[in-house]
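[1] Make a model of this:
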Amino acid sequence: MTTSNPYSVELLRWYDRHHRELPWRISPAAFRAGKRADPYHIWLSEVMLQQTTVQAVKPYFAKFLSLWPKVEDLAAAPSEDVMAAWAGLGYYARARNLKKCAEAVAREHGGIFPDSETGLKALPGIGDYTAAAVVAIAFNRQAAVMDGNVERVISRLFAIDAPLPGSKPLMKARVTELTPSDRPGDFAQAMMDLGATICTPKRPACALCPFNSHCLALADDEPERFPVKAPKKAKPVRVGAAFVAVTPDGEILLRRRIETGLLGGMTEVPTTGWTARIDGVTTPDHAPFPGDWQACGQIVHVFTHFELRLSVYRLQHGRMDVEGGGWWEPVSNLGAQALPTVMKKAIVQAIPLAFS
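    Modelled structure (predicted):
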């Protein structure tokens, strides 16, 4: 299949004029001149972009490349340094898999990413979407790249009434039909750009869309009805407690979570044993050591599958050894620690200027 189908012709013509300038992307003009995207850059950006916005990812992408310019550098980096650099991007299993994947590419492939979807999916943390994106964008191979933006564009273009996630196979089949063989990477990026800038979830700019003469949802004057989604289930609420212990000279007690499970390998203040399925104690009875723990209120953090409400307690105490491990870190150095957002919220609840 080539760009002879009218959809890809019109979309690529639009993309040539209106593409976004992104730090990991090769422009259409550079592509035509023979330049190709770095597979490491595409893989890194695509992993970061999952469940995150482009604007949020840009500084993290720049930080990672400054610290680890090549995949071999990332493979050799200490895990705690990678987690600290990732802190704030969320979905921390991605960071653990990022490190494992870099190690596999360096160890098993000599630092060169496989150029097939099958080869890429054999690596840790790479699924259908990331494999297709890297193959299409970095290796210019025909692959159906499906993210939320693409799903929205396709569902509106063909007025697909079946709700997500059940309609994903049909959407992917449509994208496969439309993806050209000569510029599959630009086509994939054009679809993403179209969804991000024109075919937006609310108030899409249909008058500017290169597909407006073909779009079945627009013809029915109801593009915002698509994509159709199955009703959301209410998220369960879990509770627990977080303990912020501070020394008179400004050090805070931290510890590292176990490597597996939610927020695995990240840094935290001591908490009670909450999980996605189990509540933790909400009183100071299970503090890391006895003391006059003062209640500081509650913070709320929403994870993908549940909502967490932590009662926060604060104690000013002299430095001491703590049973079960942990260390005392200067509050002034918290920005360099691998603290997930939920833990930053708990610390700020107890020490409002901790990250100022």
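[2] tell me the secondary structure for the residue nearest to Ala84 when sequence neighbours are not counted?
    The spatially closest residue to Ala84, leaving aside those adjacent along the chain, is Ala338, at 4.0 Å (Cβ to Cβ, 6 or more residues apart in numbering). Using the backbone N, CA and C atoms, a C-beta is placed for each residue, glycine as well. Three-state assignment for Ala338 (DSSP: H, G, I helix; E, B strand; the rest coil): coil.
[3] can I assume Ala338 is in contact with Leu263?
    No - taking contacts as Cβ atoms under 8 Å, Ala338 lies outside contact range of Leu263: 9.5 Å.
[4] picking that back up, the residue nearest to Ala84: what's it in contact with?
    Counting by Cβ atoms under 8 Å, 6 or more residues apart in numbering, Ala338 touches Glu80, Met83, Ala84, Trp86, Ala87, Gly265, Met266, Thr267.
[5] Okay, now the unreliable bits of the stretch 1-150 of the chain?
    For the stretch 1-150 of the chain, the stretches with pLDDT under 70 are 1-4.
[6] One more pass at 50, please.
    1-2 (pLDDT under 50).
[7] And stretch 62-80, end to end?
    End-to-end distance for stretch 62-80, by Cα to Cα, to the nearest Å: 19 Å.
[8] what sits up against that stretch?
    23, 40-41, 44, 81-82, 85, 96, 98-99, 102-103, 105-107, 111, 113, 256, 265, 338.
[9] Which of those residues fall in strands?
    Cross-referencing these against strands under DSSP state E gives Arg256.
[10] Restrict the contacts of stretch 62-80 to the buried ones and give me that as a PyMOL selection.
    Burial among the contacts of stretch 62-80 is assessed by 16 or more other Cβ atoms under 10 Å; the matching PyMOL selection reads:
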select buried, resi 40+41+44+82+85+96+98+99+102+103+105+106+113+256+265+338
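[11] Please give the element, helix or strand, for the closest residue to Leu11 other than its chain neighbours.
    Leaving aside its sequence neighbours, Leu11 sits nearest to Ala190 (Cβ to Cβ, 6+ apart; 5.0 Å). Ala190 belongs to helix 184-197 when assigned by DSSP states H and E.
[12] what packs against that helix?
    Contact analysis of helix 184-197 by 3 or more Cβ pairs under 8 Å, 6 or more residues apart in numbering; DSSP states H and E lists helix 6-18, helix 28-32, helix 128-139, helix 148-157 as its packing neighbours.
[13] and the angle for the longest one with helix 148-157?
    If you take axes from the mean of the first three to the mean of the last three Cα atoms, to 10 degrees, helix 6-18 sits at 130 degrees to helix 148-157.
[14] which residues touch the spatially most central residue of the chain?
    What sits nearest the mean C-alpha location of the chain, by Cα atoms, centre = their mean, is Gln50, with 3.5 Å. The neighbourhood of Gln50, defined by Cβ under 8 Å, 6+ apart, consists of Tyr91, Arg94, Tyr129, Thr130.
[15] what do you get for Val54?
    Arg20, Leu22, Ala196.
[16] wait, doesn't the first one sit right on Ile198?
    No - counting by Cβ under 8 Å, Arg20 sits too far from Ile198 to count as a contact (11.5 Å).
[17] Who has more neighbours out of these two?
    Ile198 (19 against 13; other Cβ atoms under 10 Å).
[18] What is the neighbour count of the closest residue to Ser116 other than its chain neighbours?
    Excluding the flanking residues, the one nearest Ser116 by Cβ to Cβ, 6+ apart is Val135, at 6.7 Å. Burial of Val135 is recorded as 27 neighbouring residues (other Cβ under 10 Å).
[19] Run through the residues that contact Val135.
    Neighbours of Val135 in contact, by Cβ under 8 Å, 6+ apart: Asp115, Ser116, Glu117, Leu120, Arg141, Ala143.
[20] how about the helix or strand containing Gly119: buried residues?
    Using DSSP H and E, Gly119 sits within helix 117-121. For helix 117-121, a neighbour-count test (16+ other Cβ under 10 Å) marks Glu117, Leu120 as buried.
[21] Does anything pack onto it? Which helices or strands?
    helix 128-139.
[22] quick one: the helix it packs on to chain centroid distance?
    Remark: helix 128-139 is offset 16 Å from the chain centroid, using Cα atoms, centre = their mean, to the nearest Å.
[23] can you state the direction angle for it and helix 148-157?
    100 degrees.
[24] Using PDB, write down the CA coordinates of helix 128-139.
    Extracted C-alpha coordinates of helix 128-139, given in PDB (Å, rounded to 0.1, in the frame of the first residue of the first chain):
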ATOM      1  CA  ASP A 128       2.000  -3.600  20.800                       C
ATOM      2  CA  TYR A 129       1.800   0.200  20.800                       C
ATOM      3  CA  THR A 130       5.400   1.000  21.600                       C
ATOM      4  CA  ALA A 131       6.700  -1.700  19.200                       C
ATOM      5  CA  ALA A 132       4.500  -0.400  16.300                       C
ATOM      6  CA  ALA A 133       5.600   3.200  17.100                       C
ATOM      7  CA  VAL A 134       9.300   2.500  17.100                       C
ATOM      8  CA  VAL A 135       9.100   0.300  14.000                       C
ATOM      9  CA  ALA A 136       7.100   2.900  12.000                       C
ATOM     10  CA  ILE A 137       8.800   6.100  13.200                       C
ATOM     11  CA  ALA A 138      12.400   4.900  13.700                       C
ATOM     12  CA  PHE A 139      12.700   2.200  11.000                       C
END
